[in-house]
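Undergrad: Next comes the sequence, and after it the predicted model I'd like to discuss.
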Amino acid sequence: MSSFTDLWREISDIGGSPSEGYVRFAWTAVEWELRTWFRAQAKARDLEFEVDGNTTMWATWNPGGVPGPAVVTGSHLDSVPHGGGYDGPLGVVSAFLAVDELRRRGVVPARPIRIAAFAEEEGSRFGVACLGSRLMTGAFDPERARTLTDSDGVTLAEALAGYDFDPARLGPAPLSDVAAFVELHVEQGRALTVPVGIGSSIWPHGRWRMDFTGEGNHAGTTLMGDRHDPMLTYAFAVLAANKEARTHGAHATVGRVAVHPNATNAIPSRVTGWLDARAASASTLDDLLSGLSAKIATRAGKDGTTVTITAESTTGEIGFSDALIERCLTTLGEKTPVLPTGAGHDAGVLSAFVPTVMLFVRNPAGVSHAPAERADDEDCEAGVEALADVLAELACR
Ligand code: GLV
Ligand code: MN
Ligand code: MN
Ligand code: MN
């Protein structure tokens, strides 16, 4: 049986390092290494390994050979560019260790326990967050998914085919065989001051692609008054998003930009910026977006540019199952903190379809989606214990 530290070390060199962060994009050679690791973990534990049509990996523990819906736990293995190592993999590693712990306790579950690793949770490669779980639940059209392109112009269908996955198999899967979903995840802000907490809800959030178009021209010869510079409209949009977020008590970020032709001595003809916006309520988020869109449109009029804003993926209000939160509190202690998060998760997608809850492990740095993200080994071990306790509660009674 592995300790947390041993199992964690097995993946800590894959796709990066703790100091530089990790680049673990879906359907790449790096991800394939993680898939190979997952499969080996399943095999080492004599769990039934399976990959479904959405390329989600599953490892099933069903020692009693019982039929019926399973208690599912797990998370994702992909990362944002140069992200921390915990966001995602902690939930998968903890799931394997929780099964070890239940075996050590001599538990024989009355329901199958299944470990899942969903693909493209971050949307780092194809732009749609939680793509694997959205496809599974029918929340994203497989036809549209196949034609998504990455920054190199590779379509998702091509990326899948490169690893012998059949793009025709993308699409909804029966959820009737999922009794409950529990995702353990590193907490991603400064919200948790004890080792383990329980998730209550996820802020409504989304991603919007903002395309600014103007007129490419010479930086030295074009009079300032003659320009139609989309960079100016873009710059206005970034500052306006920040201002709108502050006035609405919300969060807005532009963390990705593409400039064409991206030359120092040329006025760009095109700028694309990606807006990530989140708020405690859907109405606040809507209000933020409509106010911001109007301000950007006015500014584009002044700059002689055009702007189109397209939603790439959006997630509405999500509250986890009250019944599962109650059962987690009974299992882990009534004093266990129950907290919301501004981060998105596959658990958020699944929660609209199956009873879902999350467990959070303390993040002493208060940093995530960056190399400084971390969790202490002792807290991760407490997370495994808590997950084992919750799985025992949900799968044995
Ligand atoms: C996923 O981690 C997200 O919240 O963007
Ligand atoms: Mn993340
Ligand atoms: Mn995550
Ligand atoms: Mn407003």
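TA: The structure has been received and is ready for your questions. Ligands and ions are numbered 1, 2, ... in the order given.
Undergrad: pretty sure Phe126 is touching Ala157, no?
TA: No - the pair Phe126 / Ala157 is not scored as a contact, 10.8 Å apart, by CB atoms under 8 Å. Any C-beta I mention is one placed from the backbone N, CA and C, and that applies to glycine too.
Undergrad: How about the residues of this structure by ligand 4?
TA: By CB under 5 Å from the ion, the residues of the chain that approach ligand 4 are Asp287, Gly291.
Undergrad: what about the chain, any weak spots by pLDDT?
TA: Per-residue confidence for the chain (pLDDT under 70) gives these ranges: 1.
Undergrad: can you rerun that using 80?
TA: 1, 397 (pLDDT under 80).
Undergrad: if I look at the spatially most distant residue from the centre of it, how far off is ligand 1?
TA: In the chain, the residue that sits farthest from the middle, by CA atoms, centre = their mean, is Thr221; the gap is 45.8 Å. Using CB to the nearest ligand atom, to the nearest Å, Thr221 is found at 43 Å from ligand 1.
Undergrad: In the helix ranked longest in the chain, which residues are buried?
TA: As assigned by DSSP state H, the longest helix anywhere in the chain is helix 282-303. If you call a residue buried by 16 or more other CB atoms under 10 Å, then helix 282-303 has these buried ones: Thr284, Leu285, Asp287, Leu288, Leu289, Leu292, Ser293, Lys295, Ile296, Arg299, Ala300, Asp303.
Undergrad: now the helices for the stretch 1-150 of the chain?
TA: Assigned by DSSP state H, counting those that start in this stretch, the stretch 1-150 of the chain shows helices spanning 4-11, 29-44, 89-104, 131-137, 142-147.
Undergrad: Return the list of helices and strands in contact with the shortest one.
TA: The reference is to helix 142-147. The contact analysis (3 or more CB pairs under 8 Å, 6 or more residues apart in numbering; DSSP states H and E) places helix 142-147 against helix 131-137, helix 156-161.
Undergrad: between these, which one is nearest to ligand 1?
TA: The closest of the helices and strands packed on helix 142-147 to ligand 1 is helix 131-137. By CB to the nearest ligand atom, the value is 11.8 Å.
Undergrad: and that closest one, what other elements does it pack with?
TA: Here helix 131-137 touches strand 113-118, helix 142-147, helix 346-350, going by 3+ CB pairs under 8 Å, 6+ apart.
Undergrad: Let me see the contact set for Glu20.
TA: Applying CB atoms under 8 Å, 6 or more residues apart in numbering to Glu20 gives the contacts His82, Pro371.
Undergrad: which one of the helices and strands packed on helix 142-147 lies closest to ligand 3?
TA: Smallest distance to ligand 3 across the helices and strands packed on helix 142-147 (CB to the ion): 11.2 Å, for helix 131-137.
Undergrad: what residues does this structure put near ligand 1?
TA: Within the chain, the positions near ligand 1 by CB under 6 Å from any ligand atom are Glu122, Ala129, Ala343, Gly344.
Undergrad: Endpoints of stretch 329-348, how far apart?
TA: Taking CA to CA, to the nearest Å, stretch 329-348 runs 20 Å from one end to the other.
Undergrad: in stretch 355-375, what's buried?
TA: For stretch 355-375, the neighbour count (16+ other CB under 10 Å) marks 355-363, 368-369, 371, 373-375 as buried.
Undergrad: In strands, which of those appear?
TA: Within the buried residues of stretch 355-375, residues falling in strands by DSSP state E are Thr356, Val357, Met358, Leu359, Phe360, Val361.
Undergrad: Could you find the closest non-adjacent residue to the fourth one?
TA: Translated: Leu359. Spatial nearest neighbour of Leu359, chain neighbours left out: Leu184 (4.4 Å); criterion: CB to CB, 6 or more residues apart in numbering.
Undergrad: ok, now the fifth one?
TA: With sequence-adjacent residues excluded and distances taken as CB to CB, 6+ apart, Phe360 is closest to Glu187, at 4.0 Å.
Undergrad: cool, and the first one?
TA: Excluding its sequence neighbours, the residue lying closest to Thr356 (CB to CB, 6+ apart) is Phe181, at 4.5 Å.
Undergrad: can you tell me which residues contact Ala110?
TA: Applying CB under 8 Å, 6+ apart to Ala110 gives the contacts Gly64, Val66, Ala395, Cys396, Arg397.
Undergrad: hang on, isn't the second one packed against Thr60?
TA: Same thing as Val66. No - Val66 lies out of contact with Thr60 (CB under 8 Å); the separation is 11.1 Å.
Undergrad: Who has more neighbours out of those two?
TA: The residue with more neighbours, out of Val66 and Thr60, is Thr60; 16 against 13, by other CB atoms under 10 Å.
Undergrad: What about the spatially closest residue to that one that is not a sequence neighbour, how many residues nearby?
TA: Ranked by CB to CB, 6+ apart and with sequence neighbours excluded, the top spatial neighbour of Thr60 is Glu48, at 4.3 Å. By other CB under 10 Å, the residues close to Glu48 number 13.
Undergrad: Check the one 5 residues further on too.
TA: Taking other CB under 10 Å as the criterion, the count of residues near Gly53 is 17.
Undergrad: Just give the nearest non-adjacent residue to it, would you?
TA: Distances taken as CB to CB, 6+ apart put Arg169 closest to Gly53, at 3.2 Å, once the chain neighbours are dropped.
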